[in-house]
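*Asks:* Pasted the sequence and its predicted model underneath.
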Amino acid sequence: MRLALGQAVAELGALGGMIHVCDPHQGVMRLVASMGLPDNLVAGWETLTDEASAAPVSCVRYGTQVWTPPPPDVPHRAPLSSSGRSSHGDFPPGAGSLPPGSGVASVPVITADGEPVGALSALVEDPDELEDAQCEFLRMVADWVAVYLRPARPAATDVEHERHPLGGDAVGSAVWRMNDGLLALDNQARLTFANPAALKLLGSSAQEALGTVLWDHPVVRDTGMAACHGRAVTTRAPAGFDTRWPGRPGWYHARFDPAPDGLVIHIADITERRMEEAEQSAAQRTAAERVMRMGELTSALAEALTVQDVVKAVADRMLPPFGGTGLICQLIENGRMRIVGSAGYPEEFLEFIQKLMVSEMSAIVQVLSSRSPTFLSTPRQYAEQHPDAAGYLHRSGMKAWAFLPSSPPTSRSATAWWASRGRATSPRRTVPCSSP
């Protein structure tokens with residue numbers, strides 16, 4: 001039950017939790033487990049009569065979740081000392097009393113045959129009701145608790161014990177189906193519980209792991225979990241960190257949640273999240289670099305005196321980020337092409353294309369007629385789409401191209417050849433759609 005409370009308190013970020021069971025012979029509900037709550041508060045919740053209006057009683061009475069919000073005119077609670085006293089004075093220790101500014105959410109504990117046997121409650125410092133996902137988690141934990149409150153069963157066979165490590169069939173199926181690892185330690189760091197996912201991480205069977213000290217497992221020592229364990233034990237507060245797991249790819253997050261008799265450790269695979277964060281960070285760095293290069297280009301253009309100066313400024317500062325190695329700026333005059341600036345292309349190639357008519361270069365005709373950029377990722381693609389270039393394409397020394405229009409269609413329309421000596425795997429993402 002304390003393990004169940006630990007999960008509920010950690011998931012909801014609650015102040016604490018309680019489990020009550022029904023005593024039909026006495027007409028009361030009795031507190032059987034609590035976590036995170038001071039003694040003088042717990043005293044007021046130890047016994048609740050069936051006529052009381054407290055949330056645990058109401059949720060059993062009506063068979064549904066019950067939320068008791070904090071009074072609207074009461075401020076958030078002051079921090080509690082280890083003695084359970086608030087720095088602003090004691091809260092009333094009466095039945096069903098709450099720390100100032102906190103509410104309580106209770107769900108009924110119902111067995112498989114539909115019998116309400118108790119209530120699971122979480123004290124939350126929040127003026128609003130819990131979210132649907134939080135309520136669903138509480139109900140799942142309550143179903144887990146219900147398994148413990150069933151009549152005693154015969155001892156599980158060895159085969160059943162292996163199928164349900166360290167817990168037998170007394171633990172809810174939800175825990176066993178978790179993709180995340182779940183461990184429980186006593187105050188000497190000995191393993192008292194592990195779900196199948198955790199056993200896979202440890203590389204141990206149920207019989208081998210039960211009762212062993214966590215640090216006796218070499219795979220755990222290599223993760224650096226000992227320091228985080230020490231923080232959680234010393235501060236009695238949750239602690240967590242990201243780590244690599246020996247023998248496995250990716251990243252894992254280990255969270256330590258103190259419990260009255262030890263710690264609960266939750267181990268989750270966060271590889272996908274780390275990859276997304278790395279991609280976002282890389283995108284931010286790239287954007288910052290582009291802004292910096294644009295600033296440098298603006299300064300260089302302000303000092304340019306000739307067209308060739310402009311081309312050189314663009315080539316020096318804008319080609320490298322996009323993997324470009326060549327640039328040609330042309331003016332189309334009276335059906336012929338005049339090169340006004342270039343960088344990275346062989347002179348032989350420049351002399352050859354300058355002799356051609358515009359009509360002899362279908363790639364440029366297409367760009368001027370469509371007024372939109374054209375991207376060609378490979379020489380083969382270039383030759384297939386523009387067969388007229390097959391005879392001279394190899395002279396350029398380039399492997400990928402972008403043709404960019406740079407003025408409205410007139411007798412002096414301009415184009416820019418943006419090219420790379422390497423294969424462009426995704427030119428639409430790596431080549432800018434503008435040119436000087």
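*Replies:* That came through, no problem.
*Asks:* surely A402 meets A419?
*Replies:* Yes. If you go by CB atoms under 8 Å, A402 and A419 touch, sitting 7.3 Å apart. For the C-beta atoms, the positions are set from N, CA and C on the backbone; glycine is no exception.
*Asks:* Helices along the stretch 51-200 of the chain, start to end?
*Replies:* 55-62, 132-148, 158-163, 173-176, 196-202 (DSSP state H, counting those that start in this stretch).
*Asks:* Report the backbone C-alpha coordinates of the first one in CSV.
*Replies:* Listed next in CSV are the C-alpha coordinates belonging to helix 55-62 (Å, rounded to 0.1, in the frame of the first residue of the first chain):
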residue,chain,number,x,y,z
ALA,A,55,-14.1,12.9,0.8
PRO,A,56,-13.0,9.3,1.5
VAL,A,57,-16.4,8.5,3.0
SER,A,58,-18.4,10.3,0.3
CYS,A,59,-16.5,8.5,-2.6
VAL,A,60,-17.3,5.1,-1.1
ARG,A,61,-20.9,6.1,-0.4
TYR,A,62,-21.6,7.2,-4.0
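*Asks:* name the helices or strands packed onto that helix?
*Replies:* strand 16-23, strand 28-35, strand 47-49, strand 66-68, strand 103-110, strand 116-124 (3 or more CB pairs under 8 Å, 6 or more residues apart in numbering; DSSP states H and E).
*Asks:* Format those strands as JSON lines; extra columns: distance to V233.
*Replies:* Putting the helices and strands packed on helix 55-62 into JSON lines (distance: least, CB to CB, whole Å) gives the following:
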{"stretch": "strand 16-23", "distance to V233": "19"}
{"stretch": "strand 28-35", "distance to V233": "16"}
{"stretch": "strand 47-49", "distance to V233": "33"}
{"stretch": "strand 66-68", "distance to V233": "33"}
{"stretch": "strand 103-110", "distance to V233": "29"}
{"stretch": "strand 116-124", "distance to V233": "24"}
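*Asks:* what about the closest residue to V367 other than its chain neighbours, helix or strand, and which?
*Replies:* In space, and not counting its chain neighbours, V367 is closest to F403: 4.5 Å by CB to CB, 6 or more residues apart in numbering. Using DSSP states H and E, F403 maps to strand 400-405.
*Asks:* try Q207
*Replies:* helix 206-209.
*Asks:* got a list of contacts for the next helix-or-strand element following that helix?
*Replies:* On the C-terminal side of helix 206-209, the nearest following helix or strand under DSSP H and E is helix 218-221. Here helix 218-221 makes contact (CB atoms under 8 Å, 6 or more residues apart in numbering) with L201, L202, G203, L214, W215, W245, P246, G247.
*Asks:* List the buried residues of helix 218-221.
*Replies:* For helix 218-221, burial by neighbour count (16 or more other CB atoms under 10 Å) applies to V220.
*Asks:* So what's the gap between that helix and the chain middle?
*Replies:* With CA atoms, centre = their mean, to the nearest Å as the basis, helix 218-221 stands 25 Å off its chain's centre.
*Asks:* Go ahead and confirm S204 touches H217.
*Replies:* Yes. Judged on CB under 8 Å, S204 makes contact with H217 at a distance of 6.8 Å.
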